[in-house]
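Chemist: I would like the atomic coordinates for the input below:
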Amino acid sequence: MTTFRPRAIASLSLATLATAALIGTGGAAQAADRTKPETRVISACFSVKTGKIRIVKNVKRCRPGEDHIRWTRGLDRNRGPQGEAGASGPSGSVGATGATGATGAAGATGATGATGAAGATGATGATGGIGPTGPAGPTGATGATGETGATGATGGIGLAGATGPTGPTGPVGPTGAVGPTGPTGADGATGAVGPTGPAGSGAMLSSSSGTTPAVTTTVLGGIGNTATVLPINGTGSVSGVSIAGGTIDATASAIAGLAQPITGDRTLNGIDGYFTNNVAMSLIGTTLTAEVQLWASTTPDNVFTPVPGATCTLAPSLTGILAIGTVLSCTTTGLAIPLVDQTQVILVVRSNVTAGLDSATALSGYWSAGLKLS
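Modeler: Residues are numbered from 1 along each chain as shown. Below is the predicted model of the structure:
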């Protein structure tokens with residue numbers, strides 16, 4: 001079994017070592033005096049696992065994983081077994097006392113010890129007797145002046161003196177606080193009506209699409225583009241309005257509810273426009289331009305056509321990536337476009353492809369506009 005293999009190897013190695021030791025020392029044993037056999041102890045360490053053996057001077061040099069063995073060389077093999085111990089001999093006489101050895105050299109002085117703790121304070125001695133009176137010392141310096149005594153009581157009032165002359169008039173004192181407001185008086189009589197004032201210089205009408213986003217679209221070729229209609233004053237919108245052929249027919253349409261008449265003969269002096277989108281767009285390679293335009297029905301018959309020159313083009317134009325909240329605006333001034341009394345008008349907002357690729361788009365957001373009339 002593998003458990004006994006290291007021991008078997010060790011035994012074989014030890015036997016080999018013993019044989020080698022006897023052969024190596026054979027010649028020396030023959031040369032020695034056979035009447036005085038030489039005895040010698042041999043020490044060795046051997047590996048418990050492999051049986052490998054090595055000679056050492058002392059078994060203390062054996063390493064971990066090694067065991068040790070000793071054997072004696074030079075014993076007389078022809079000698080019989082040891083006999084029993086003989087009886088103890090009588091005790092020898094006590095030897096003479098040896099001479100006293102020389103005194104050894106004085107040792108080096110030791111280091112000074114640490115200072116001891118302070119002793120307790122001794123008891124107070126008895127009070128000595130009173131000594132004789134010493135001579136009188138010199139006169140001391142004059143002391144500081146004492147504090148002033150308290151003021152005496154006030155004497156009695158003397159006789160009144162003669163009245164002095166009148167002094168000059170003093171300065172005017174500050175104005176007193178305003179008193180409380182008195183009660184409201186009765187209403188006065190109504191005055192006469194004044195003359196009629198001159199005619200005003202103009203009016204401002206404002207319009208917006210309201211809280212619902214308005215949508216304008218473009219299609220390939222532009223013929224099928226749609227616009228959004230706003231009133232000229234107030235809030236509201238109608239999207240998806242066709243402007244093909246350059247006319248808008250409001251008959252049986254919600255557009256008729258947004259159309260408003262011009263009161264009196266007026267002149268259009270300016271247009272303002274504003275737009276902000278609520279949907280992001282990608283207009284790569286395409287440019288859109290937005291505009292506000294005044295349309296009118298002069299008959300009136302619910303058929304509206306653009307008013308020449310009454311246009312406001314918003315800036316900037318739209319291209320590339322359009323983020324939510326992009327703002328466009330415009331202002332057109334210096335107009336002098338006559339608008340006849342009772343003419344029905346609407347505002348039309350739209351977008352057009354003005355550069356790049358002609359593509360279908362849908363611009364969604366909030367519109368507002370203003371008209372300056374005189």
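Chemist: which SSE is the spatially closest residue to Asp272 that is not a sequence neighbour in?
Modeler: Nearest residue to Asp272, sequence neighbours excluded (CB to CB, 6 or more residues apart in numbering): Gly370, at 4.2 Å. Placement of C-beta: from N, CA and C, glycine included. Assessed by DSSP states H and E, Gly370 sits inside strand 361-373.
Chemist: Can you tell me the strand partners of that strand and which way each runs?
Modeler: strand 203-208 (antiparallel), strand 214-218 (antiparallel), strand 266-277 (antiparallel) (DSSP bridges).
Chemist: Remind me what the helix or strand that the last one is followed by packs against, helices and strands.
Modeler: Spelled out, it's strand 266-277. Beyond strand 266-277 in the direction of the C-terminus, DSSP H and E gives the next helix or strand as strand 281-297. Counting by 3 or more CB pairs under 8 Å, 6 or more residues apart in numbering; DSSP states H and E, the packing neighbours recorded for strand 281-297 are strand 266-277, strand 303-313, strand 318-322, strand 327-332, strand 344-356, strand 361-373.
Chemist: okay, now the domains of this protein?
Modeler: 2-73, 203-373 (automatic domain parsing).
Chemist: could you dump the helices and strands packed on strand 281-297 to JSON lines with mean pLDDT?
Modeler: Formatted as JSON lines, the helices and strands packed on strand 281-297 follow (pLDDT from 0 to 100):
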{"stretch": "strand 266-277", "mean pLDDT": "97"}
{"stretch": "strand 303-313", "mean pLDDT": "95"}
{"stretch": "strand 318-322", "mean pLDDT": "93"}
{"stretch": "strand 327-332", "mean pLDDT": "96"}
{"stretch": "strand 344-356", "mean pLDDT": "93"}
{"stretch": "strand 361-373", "mean pLDDT": "95"}
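Chemist: Which among those is found nearest to Ile42?
Modeler: strand 318-322 (99.6 Å; CB to CB).
Chemist: before we move on, back to that, among the strands paired with strand 361-373, which comes closest to Ala114?
Modeler: Nearest of the strands paired with strand 361-373 (CB to CB): strand 266-277, 94.7 Å.
Chemist: buried set for that closest one?
Modeler: 266, 268-275, 277 (16 or more other CB atoms under 10 Å).
Chemist: could the strands paired with strand 361-373 go into CSV alongside distance to Gly131?
Modeler: Conversion of those to CSV gives the following (distance: least, CB to CB, whole Å):
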stretch, distance to Gly131
strand 203-208, 120
strand 214-218, 125
strand 266-277, 115
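Chemist: and Arg61, which of those is closest to it?
Modeler: strand 266-277 (96.5 Å).
Chemist: so how far is the closest one off the chain centroid?
Modeler: Relative to its chain's centre, strand 266-277 lies at 49 Å (CA atoms, centre = their mean, to the nearest Å).
Chemist: Please apply the same query to stretch 329-338.
Modeler: Worked out by CA atoms, centre = their mean, stretch 329-338 lies 54 Å from the chain centre.
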